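**Q** all I have is the shape, not the residue letters:
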């Protein structure tokens, strides 16, 4: 019987389907080295390259993302991801839109830095109720103020101004406001470093105070339109000290192309406040939602052998982490968390097996923990307060 090479019989689309049962690492780093025929297919087929990229980001890709795909680009991405260790770098998501207002119109409480690691800062909303949505986008404006403060502190270190250490501590804690309470040094270099941020804050303060709609806020920013963030992990900080309404239940989402706020997927979780609500929601929306990767809800983990169970019952939190699953839906859920005890928590989520990616992220603050009576707060109703939710991973630029 005449022998033949199956690689010459199957078309690239069929081979891509076969390769889809392997990991991107196996195809790119192992299969490609098996023989010359595999090397040629993996290196030159646009179908295979598209599959590799979709498998990496966990999503079907459309439009302009396809044009930047080459073997060299994928190799560069994998080098950064697996060798350079940049999966631990914060992803530059800038909070550009929210329907939550800003406490006392004070930009120190604004949501623009929600996705930045800031231990000494809190996001304080003003809207009474539930489901406060804060959306972030990959942006060059991420951590702009932090960088400017670092530059100022560096100048202070090199100067001989009186009370330099006290001045640095003040700047680190309060930024540039309220500096009128601190005797400013007569130093032209320091004044030059302070000017850009002072002007930026004055502009922001004017914008917050002049709005007629005190809740819906949208900030201008330089979006990174040709970039994708590979979301490898997350650090969520839930603080209760000096917070009368710390977040109790929240949900996180990501999207490649669409802004997330109007999404029907995000709206599904509006009333998901308990583990019972989550289990019911998952049962009723199997087709719309991806599978679960891990959870601290025992009943949910027992329902499927592929779900990893993580015991967090004694720590006062229940959570669900989803899996991207190569879904066609542009907006995907990342995780849901519900705090069952009034305790401070730093939570760290590992998403390396989930294939999460996005240019947009959104945090839905579903409900708060009402501690107003404990703190003697006499406001008419509750709001929601949170520290930060920082995502980590490499940025892919196409």
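**A** Here it is on my side, so go on. Model, not experiment: these values are computed from the prediction.

**Q** only C-alpha atoms for contact and neighbour calcs from this point on.
**A** Fine.

**Q** show me where the chain has helices.
**A** Applying DSSP state H to the chain gives helices spanning 6-9, 12-19, 24-25, 36-44, 46-57, 71-82, 144-157, 164-174, 188-210, 264-267, 275-284, 298-302, 372-375.

**Q** check those helices for me and report the most buried one.
**A** Ranked by mean neighbour count under mean count of other C-alpha atoms under 10 Å, the helices of the chain are led by helix 46-57, which reaches a mean of 21.

**Q** and that one, how far out from the chain's middle?
**A** 23 Å (C-alpha atoms, centre = their mean, to the nearest Å).

**Q** cool, stretch 211-220 as well?
**A** Using C-alpha atoms, centre = their mean, the offset of stretch 211-220 from its chain centre is 22 Å.

**Q** got it, and stretch 262-274?
**A** The answer for stretch 262-274 is 18 Å, by C-alpha atoms, centre = their mean.

**Q** endpoint to endpoint, that stretch covers what distance?
**A** 23 Å (C-alpha to C-alpha, to the nearest Å).

**Q** also stretch 291-298?
**A** Here the two ends of stretch 291-298 are set 16 Å apart, with distance taken as C-alpha to C-alpha.

**Q** hmm, who's touching that stretch?
**A** 275, 301, 306-313, 317-325, 354 (C-alpha atoms under 8 Å, 6 or more residues apart in numbering).

**Q** what do you get for stretch 360-368?
**A** Contacts for stretch 360-368 (C-alpha under 8 Å, 6+ apart): 93, 129-138, 245-261, 270-273, 382-385.

**Q** buried subset of these?
**A** Buried by 16 or more other C-alpha atoms under 10 Å: 93, 130-138, 245-257, 259-261, 270, 272-273, 382-385, out of the contacts of stretch 360-368.

**Q** on that earlier part again, just the contacts of stretch 360-368: which are in strands?
**A** Residues of the contacts of stretch 360-368 located in strands (DSSP state E): 93, 132-138, 247-255, 385.

**Q** quick check, residue 93 in contact with residue 138.
**A** Yes - with contact defined as C-alpha atoms under 8 Å, residue 93 reaches residue 138; the gap is 4.5 Å.

**Q** re earlier: residue 219: which of the helices of the chain is closest?
**A** Counting by C-alpha to C-alpha, residue 219 lies closest to helix 188-210 out of the helices of the chain; the figure is 8.9 Å.

**Q** break the protein into its domains for me.
**A** By the assignment in automatic domain parsing, the chain contains the domains 6-86, 89-141+221-397, 145-210.

**Q** since we're on residue 305, how many residues are nearby?
**A** Applying other C-alpha atoms under 10 Å, we find 8 other residues in the vicinity of residue 305.

**Q** with residue 311 instead?
**A** Neighbourhood size, residue 311 [other C-alpha under 10 Å]: 13.

**Q** try the one 4 residues further on
**A** Neighbouring residues of residue 315 were enumerated by other C-alpha under 10 Å; the total is 12.

**Q** find the nearest non-adjacent residue to it, please.
**A** The shortest distance from residue 315 to any non-neighbouring residue, by C-alpha to C-alpha, 6 or more residues apart in numbering, is to residue 341 (8.0 Å).

**Q** now, which of the contacts of stretch 291-298 lie within strands?
**A** Using DSSP E, these in strands are 308, 309, 317, 318, 319, 320, 321, 322.

**Q** filter those residues down to the buried ones, PyMOL style.
**A** Burial among the ones in strands among the contacts of stretch 291-298 is assessed by 16+ other C-alpha under 10 Å; the matching PyMOL selection reads:
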select buried, resi 308+309+317+318+319+320+321+322
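
**Q** what's across from the residue lying closest to residue 348 once chain neighbours are set aside in the sheet?
**A** Setting aside the residues directly before and after it, residue 348 is nearest to residue 235 in space (C-alpha to C-alpha, 6+ apart), at 4.7 Å. Note on residue 235: beta-bridge partners by DSSP bridges are residue 348, residue 390.

**Q** thought residue 235 was touching residue 351?
**A** No - here residue 235 does not reach residue 351: they are 11.1 Å apart, not a contact under C-alpha under 8 Å.

**Q** higher neighbour count, the two?
**A** residue 351 (25 against 19).

**Q** show me the contacts for the more buried one.
**A** Taking C-alpha under 8 Å, 6+ apart, we find residue 351 in contact with 231, 232, 233, 234.

**Q** burial count for the second one?
**A** To tie it back to what came earlier, the one meant is residue 232. With other C-alpha under 10 Å as criterion, residue 232 counts 25.

**Q** over to it: give its phi and psi.
**A** Torsion angles at residue 232 (phi, psi; degrees, to the nearest 10) stand at phi -90, psi -30.

**Q** so what's it up against?
**A** With C-alpha under 8 Å, 6+ apart, residue 232 has these contacts: 87, 88, 350, 351, 352, 355, 356, 391, 392, 393.

**Q** returning to that earlier point: tell me the contacts of the residue nearest to residue 348?
**A** 346, 347, 348, 349, 388, 389, 390, 391.

**Q** and the helices of the chain as CSV, adding distance to residue 104?
**A** Formatted as CSV, the helices of the chain follow (distance: least, C-alpha to C-alpha, whole Å):
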stretch, distance to residue 104
helix 6-9, 66
helix 12-19, 55
helix 24-25, 49
helix 36-44, 57
helix 46-57, 40
helix 71-82, 42
helix 144-157, 20
helix 164-174, 16
helix 188-210, 9
helix 264-267, 28
helix 275-284, 34
helix 298-302, 42
helix 372-375, 17
